[in-house]
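Q: Need the 3D shape of this:
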Amino acid sequence: MRRYLKTCALLLISCLSFATGFCQDVAFSQFYDQPLLRNPGLAGVFTGNIRVSASYRNQWESVTIPYRTFSLSGEFKTPVNFVRDGYATFGLQLLRDVAGTSEFNTTQIMPSLTYGVSLSEYRNSYLSFGFMGGSMQQRFDQSKLVFNDQFIAGSNGSYSIAPASRQVINNTSVSYFDASIGLSYNGVFKNRRDDLYDIDYFIGAGLYHITMPEVSFFKGNIITLNRKFTANAALSAPTSETDRFILYADYFKQFTRGLKPIGISTIQAGAMYSHEFDQQTLTLGMLYRMRDAVIPVIQLQWSQFMVGMSYDVNIDKLAVASQRRGGFELTLSYRDFLSSSRDARSKEERRQSSCPKFGR
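A: Modelled structure (predicted):
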């Protein structure tokens, strides 16, 4: 019985806490709007000096009780005076994930700091270093779990709600510190004839769970969050004065304490095309998460506001049970310059022309 209980607990933790994402972490389909979840070194790589993004994800509603994920992140970028064209980005990543029947939930509060240095006096060329660390809490509702001693012997598997389970769980809530680091390079392929057709790009790498936190709901049974290596790349190429083609890609891999690879590698990538109408920009795209889903996405940007919607179409082994209905995701974001006066805003925009940015 105790062995069965421990097995159930391990499955509960490993499946419910990590099933909404891959490599032990929650993942969003519109990953390009979640820089701190991709790589702390990507914070601040945008045009402007403030960005706020909020996301909601509802997954597996066609199969079971839906997994719901909420995210809120903010970035504030400011110049640093002791380095020419250097900058610092202060960020905050908040996340809440609720999964399955037991309402296994994860709450994340992660401040971040990213520092970037200019590598060129004449064009956009920045190397950025980022750190993110903070509190993680995981908990579940034991009263909503069903154990084998609640089934009546010889009753063809019928379930009795009268007797309570005799199983004892030592702890239903754990908290721990988690941290990650990252770096990125943001640059531009210059068009000698026309700056309008310059191609922006960035590459980066990060390492999550650098302290390898240990999570335990039972004495003697510990689950270690393995270190996760990430590699990131993106390219934004204008095709006309109003059109732009964008590529995104991420690679994830887990490692043990001895840097031994473990588990499977994961790739997420996407291609998007945007067209500008006066103050509005419409973007259509297709994303892919390896061995999991194909994801159509649509975005509408109006002035400094953007709304994006996507839907996962399952292609994995669960596709038959889910009828290929994976999850709906909604993203809202705001990006702007904080300077209110026209002169200050114009000066800030000129400075940002040589600051870390990507696309428009």
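
Q: So for stretch 118-137, first residue to last residue, what's the gap.
A: 37 Å (C-alpha to C-alpha, to the nearest Å).

Q: ok, and for it, which residues are buried?
A: Within stretch 118-137, the residues scored as buried using 16 or more other C-beta atoms under 10 Å are 118, 124-128, 130-134, 136. Yep, even glycine has a C-beta here, placed from its N, CA and C like the rest.

Q: Which of those fall within strands?
A: Per DSSP state E, strands hold the following members of the buried residues of stretch 118-137: 118, 126-128, 130-134, 136.

Q: Including pLDDT, could the residues you listed go into CSV?
A: Converted to CSV, those look like this (pLDDT from 0 to 100):
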residue, pLDDT
Ser118, 90
Tyr126, 93
Leu127, 95
Ser128, 95
Gly130, 97
Phe131, 98
Met132, 98
Gly133, 97
Gly134, 96
Met136, 94
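
Q: For the nearest residue to Gly41 once chain neighbours are set aside, give the beta-bridge partners.
A: Nearest in space to Gly41, with sequence neighbours left out and distances taken as C-beta to C-beta, 6 or more residues apart in numbering, is Gly182 at 3.5 Å. On the basis of DSSP bridges, Gly182 is bridged to Gly130, Gly206.

Q: Can you pull up the most central residue in the chain?
A: Leu37 (3.6 Å; C-alpha atoms, centre = their mean).

Q: and that residue, that's in a helix?
A: Yes: using DSSP: H, G, I helix; E, B strand; the rest coil, the secondary structure at Leu37 is a helix.

Q: Return the residues in contact with it.
A: Contacts for Leu37 were tallied using C-beta atoms under 8 Å, 6 or more residues apart in numbering; they are 25-28, 31, 71, 93, 95.

Q: now swap in Val52 and tell me
A: With contact taken as C-beta under 8 Å, 6+ apart, Val52 is in contact with 72-75, 333-335.

Q: So what does it have for phi and psi?
A: phi -130, psi 130 (degrees, to the nearest 10).

Q: could you measure it against Gln304, distance?
A: Noted for Val52: a distance of 10 Å to Gln304, by C-beta to C-beta, to the nearest Å.

Q: Can you pull the residues that touch both of those two?
A: Going by C-beta under 8 Å, 6+ apart, residues that sit against Val52 and also against Gln304 are 334-335.

Q: Just say helix, strand or coil for Gly41.
A: Counting by three-state DSSP, the backbone at Gly41 sits in helix.

Q: Return the member of the buried residues of stretch 118-137 nearest to Pro356.
A: Tyr126 (4.6 Å; C-beta to C-beta).

Q: isn't that closest one right next to Asp200, touching?
A: No: in this structure, Tyr126 is not within contact of Asp200 by C-beta atoms under 8 Å, at 11.3 Å.

Q: chain center to the helix or strand hosting Ile298, what's the gap?
A: Here Ile298 is covered by strand 293-302, with elements defined by DSSP states H and E. The gap between where strand 293-302 is centred and where its chain is centred comes out at 16 Å by C-alpha atoms, centre = their mean, to the nearest Å.

Q: Report the rounded mean pLDDT for the helix or strand following it.
A: Beyond strand 293-302 on the C-terminal side, the first helix or strand identified by DSSP H and E is strand 305-314. Averaging pLDDT along strand 305-314 yields 94.

Q: which element follows the helix or strand of the chain with the lowest mean pLDDT toward the C-terminus?
A: Ranked by mean pLDDT, DSSP states H and E, the helix or strand of the chain with the weakest confidence is strand 21-22, at a mean of 38. On the C-terminal side of strand 21-22, the closest following helix or strand by DSSP H and E is strand 25-26.
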